[in-house]
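1. Provided below for reference: sequence and predicted model.
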Amino acid sequence: MTLTFSIGSVLALVSGIIILAFPKLLNYIVAIYLIVIGILGLLGYSNINFR
């Protein structure tokens, strides 16, 4: 039996469980995400595909 995992799906699952356990953490996760996306956009890395 072969199992393949995508990093994105595993990360989404783990972060979902963490957010359920600590709802206040969602504010920090969203803020960090928006800051990282904003910095990458300003630096010209807007066409990055994570696969």
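-> Here it is on my side, so go on. Not measured: the values here are computed from a predicted model. Numbering: from 1, shown residues only.
2. what about residue 9, which helix or strand?
-> Residue 9 is part of helix 7-21 when elements are defined by DSSP states H and E.
3. tell me what that helix is packed against?
-> Packing contacts for helix 7-21, counted by 3 or more Cβ pairs under 8 Å, 6 or more residues apart in numbering; DSSP states H and E, involve helix 25-43. The way it works is simple: take the backbone N, C-alpha and C, and place the C-beta from them, glycine included.
4. So what's the gap between the helix it packs on and the chain middle?
-> Distance of helix 25-43 from the chain centroid (Cα atoms, centre = their mean, to the nearest Å) equals 9 Å.
5. Next: stretch 35-48.
-> 14 Å.
6. Now the helix holding residue 9: buried residues?
-> Along helix 7-21, no position meets the burial threshold by neighbour count (16 or more other Cβ atoms under 10 Å).
7. That one: how far from the chain's middle?
-> What separates the centre of helix 7-21 from the centre of its chain is 9 Å, taken as Cα atoms, centre = their mean.
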